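Chemist: Sequence and predicted structure, then a few things I'm wondering about:
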Amino acid sequence: KLRPGMEPEVAADPKGRGQMLFPTPALVAEEISTIPPGALVTVSALRLRMAWRFQADLACPLMTGIFYNIIAGAAEEQLAAGLPPLAPYWRVILDDGTLSPKTPGGPEQQAERLRQEGHLISPRRTRLLVTDYQQHLAP
């Protein structure tokens, strides 16, 4: 699933928005690994950080999302086996500060990992929100 031989590519965006980075699972994991404990990154910021590294205008949202979920699954498997995680996926939040309902173990598992790093989590309608997430966004 992690496709270690896969290489990132930059090509024209099919929708005409400029140059698009098509990331790899390894690239997504590498970028997530740069987020320090206690800090957070939104999904949009994660894509933008990767795009900038490759002088692209944007990163493919579909591929980034798919690879994020693969990395989250691998990290949870590693943690369950007592190993260090591939990448701290729990530090990536949705753009509105809520937690993804699609991660392994659901948003409750991500919330627990964030609480372990000192974040406060509160319910927001049908989702969980990182309280004051804006104050914890990584540059």
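Modeler: On my side now, so go ahead.
Chemist: can you give me the helices in the protein?
Modeler: In the chain, the helices defined using DSSP state H lie at 25-32, 43-53, 61-80, 106-116.
Chemist: these two touch, right, His119 and Leu137?
Modeler: No - His119 is not in contact with Leu137 according to C-beta atoms under 8 Å; the separation is 11.9 Å. Glycine gets a C-beta too; all of them are placed from N, C-alpha and C.
Chemist: what residues are shared contacts of those two?
Modeler: Residues touching both His119 and Leu137 (C-beta atoms under 8 Å, 6 or more residues apart in numbering): Leu40.
Chemist: Grab the nearest non-local neighbour of Pro85.
Modeler: Nearest residue to Pro85, sequence neighbours excluded (C-beta to C-beta, 6 or more residues apart in numbering): Ala75, at 3.6 Å.
Chemist: Burial check on that neighbour, number of neighbours?
Modeler: By the criterion of other C-beta atoms under 10 Å, Ala75 has 23 neighbours.
Chemist: for it, what are its contacts?
Modeler: The contact partners of Ala75, taken as C-beta under 8 Å, 6+ apart, are 85-89.
Chemist: Can you flag which of these belong to strands?
Modeler: Using DSSP state E, no member of the contacts of Ala75 sits in strands.
Chemist: any idea which of those residues has the most stuff around it?
Modeler: Most surrounded of the contacts of Ala75: other C-beta under 10 Å gives Tyr89, at 26 neighbours.
Chemist: do you know how far the nearest residue to that one once chain neighbours are set aside is from Glu9?
Modeler: Closest residue to Tyr89 apart from its sequence neighbours, by C-beta to C-beta, 6+ apart: Ala72 at 4.0 Å. Taken as C-beta to C-beta, to the nearest Å, the spacing of Ala72 relative to Glu9 amounts to 23 Å.
Chemist: wait, what's in contact with the most centrally placed residue in the chain?
Modeler: With distances taken as C-alpha atoms, centre = their mean, Val92 lies nearest the centre of the chain, 4.1 Å away. Contacts for Val92 were tallied using C-beta under 8 Å, 6+ apart; they are 32, 35, 40-43, 46, 68, 100.
Chemist: Thank you, goodbye.
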